[in-house]
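> Curious how this folds, go ahead:
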Amino acid sequence: MLPTSQIAGCSMRIVGRDKLDAFCSRHADARPWIEAWQHETASVSWATPRVIRRFYATASVLHGNVVIFNVRGNNYRMEVHVAFKVGVVTVLWIGTHGEYDVRNRRR
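This is a model prediction of the structure:
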């Protein structure tokens with residue numbers, strides 16, 4: 001959980017929760033991590049990529065404000081886009097690490 005000192009009055013809005021729900025229905029072991037991430041993300045204001053990395057040290061910030069989170073000890077990967085100025089996190093994709101590797105090869 002994030003320290004309360006990082007909780008701001010303006011929180012992040014998550015778009016794509018349906019993708020997370022569908023993923024968790026297939027991968028129940030990921031549900032606790034996903035639910036904690038949703039709660040934490042909806043409770044803070046991410047102003048810069050540095051703030052994300054402070055709390056998710058293994059997250060990778062890519063070009064165009066795309067962030068890759070390692071889910072459940074790197075068993076799964078979640079790709080999101082962060083619109084820092086307007087406070088919106090959009091879930092682009094979530095899947096297994098193997099699926100991510102295949103997806104990443106096609107880029």
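> Tell me where the model's unsure across this structure.
The chain contains residues with pLDDT under 70 at 1-10, 106-107.
> need the longest helix for it.
Counting by DSSP state H, the longest helix found in the chain is helix 31-42.
> Quick check: what element follows that one along the chain?
Remark: after helix 31-42, the chain's next helix or strand is helix 49-55, criterion DSSP states H and E.
> what does that following helix rub up against?
2, 6, 40, 44, 46, 59, 61, 65, 67, 82 (Cβ atoms under 8 Å, 6 or more residues apart in numbering). C-betas here are computed from N, CA, C, even on glycine.
> Can I get those residues in JSON lines including neighbour count?
JSON lines is the format used below for these (neighbours: other Cβ atoms under 10 Å):
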{"residue": "2", "neighbour count": "14"}
{"residue": "6", "neighbour count": "15"}
{"residue": "40", "neighbour count": "16"}
{"residue": "44", "neighbour count": "20"}
{"residue": "46", "neighbour count": "22"}
{"residue": "59", "neighbour count": "16"}
{"residue": "61", "neighbour count": "16"}
{"residue": "65", "neighbour count": "17"}
{"residue": "67", "neighbour count": "20"}
{"residue": "82", "neighbour count": "22"}
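> The residues you listed into TSV, with extra columns for distance to residue 34?
Formatted as TSV, the contacts of helix 49-55 follow (distance: Cβ to Cβ, whole Å):
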residue	distance to residue 34
2	16
6	20
40	11
44	16
46	17
59	15
61	20
65	21
67	15
82	17
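> Show me the strands in the chain, by range?
In the chain, the segments counted as strands under DSSP state E are 13-15, 60-62, 66-71, 76-83, 88-96.
> Same list (those strands) but as CSV, adding distance to residue 53.
CSV is the format used below for the strands of the chain (distance: least, Cβ to Cβ, whole Å):
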stretch, distance to residue 53
strand 13-15, 19
strand 60-62, 7
strand 66-71, 9
strand 76-83, 12
strand 88-96, 15
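> picking up where we left off before, can I get the longest helix of the chain in PDB? Just the C-alpha atoms.
Only the C-alpha atoms of helix 31-42 are listed here, as PDB (Å, rounded to 0.1, in the frame of the first residue of the first chain):
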ATOM      1  CA  ARG A  31      -6.800 -10.900  -8.700                       C
ATOM      2  CA  PRO A  32      -5.300  -9.800  -5.300                       C
ATOM      3  CA  TRP A  33      -2.500  -8.000  -7.000                       C
ATOM      4  CA  ILE A  34      -4.800  -6.400  -9.600                       C
ATOM      5  CA  GLU A  35      -7.300  -5.300  -7.000                       C
ATOM      6  CA  ALA A  36      -4.500  -3.800  -4.800                       C
ATOM      7  CA  TRP A  37      -3.100  -2.000  -7.900                       C
ATOM      8  CA  GLN A  38      -6.600  -0.600  -8.800                       C
ATOM      9  CA  HIS A  39      -7.100   0.600  -5.200                       C
ATOM     10  CA  GLU A  40      -3.700   2.200  -5.000                       C
ATOM     11  CA  THR A  41      -3.900   3.800  -8.500                       C
ATOM     12  CA  ALA A  42      -7.300   5.200  -7.900                       C
END
